[in-house]
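K.L.:
Structure for this input, please:
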Amino acid sequence: MRLSGNSLVADGRDMGTVVFPDAPLKVFMTATARVRAERRYRQLLERGEEADLAALTADLEERDRRDSKRATAPLKPADDARVLDTSEMGIEEVVKKVLSWWDEAR
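P.N.:
As a prediction, the model looks like this:
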């Protein structure tokens with residue numbers, strides 16, 4: 001990774017709006033609930049756990065709805081965040097894009 005000094009990568013639904021509002025780069029990653037459910041479904045199956053794709057999708061949709069409407073730290077990108085829809089992207093492509101944004105921000 002090309003981070004140095006006091007650099008930090010943090011993951012969470014309110015990192016850019018509440019926890020680190022002055023961060024030099026904020027990335028709001030998103031993907032459709034269906035894609036996120038499929039990713040989680042595969043993870044669970046790989047661990048030998050049972051999973052229900054429809055239930056996972058419904059749970060994610062409900063969590064997104066609830067988190068978007070909460071009064072404190074609602075789920076939303078910071079005004080200065082870069083939004084990255086990863087629905088059609090692989091991990092390497094996502095990392096490459098975020099690192100390119102980091103290089104621009106420095």
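K.L.:
Now do the same for the residue nearest in space to the middle of the chain: helix, strand or coil?
P.N.:
In the chain, the C-alpha nearest the mean C-alpha coordinate belongs to Met29, at 3.7 Å (C-alpha atoms, centre = their mean). What DSSP: H, G, I helix; E, B strand; the rest coil gives for Met29 is strand.
K.L.:
Bridge partners for it, pull those for me.
P.N.:
Using DSSP bridges, the bridge partners assigned to Met29 are Leu84.
K.L.:
gap between it and Ala54?
P.N.:
24 Å (C-beta to C-beta, to the nearest Å). Bear in mind the C-beta positions are built from the backbone N, C-alpha and C, glycine included.
K.L.:
How about Glu61?
P.N.:
With C-beta to C-beta as the criterion, Glu61 and Ala54 are 11 Å apart.
K.L.:
For those two, indicate the residue with more neighbours.
P.N.:
Between Glu61 and Ala54, Glu61 has the larger neighbour count (other C-beta atoms under 10 Å), namely 15 against 9.
K.L.:
Report the secondary structure element holding the more buried one.
P.N.:
helix 53-69 (DSSP states H and E).
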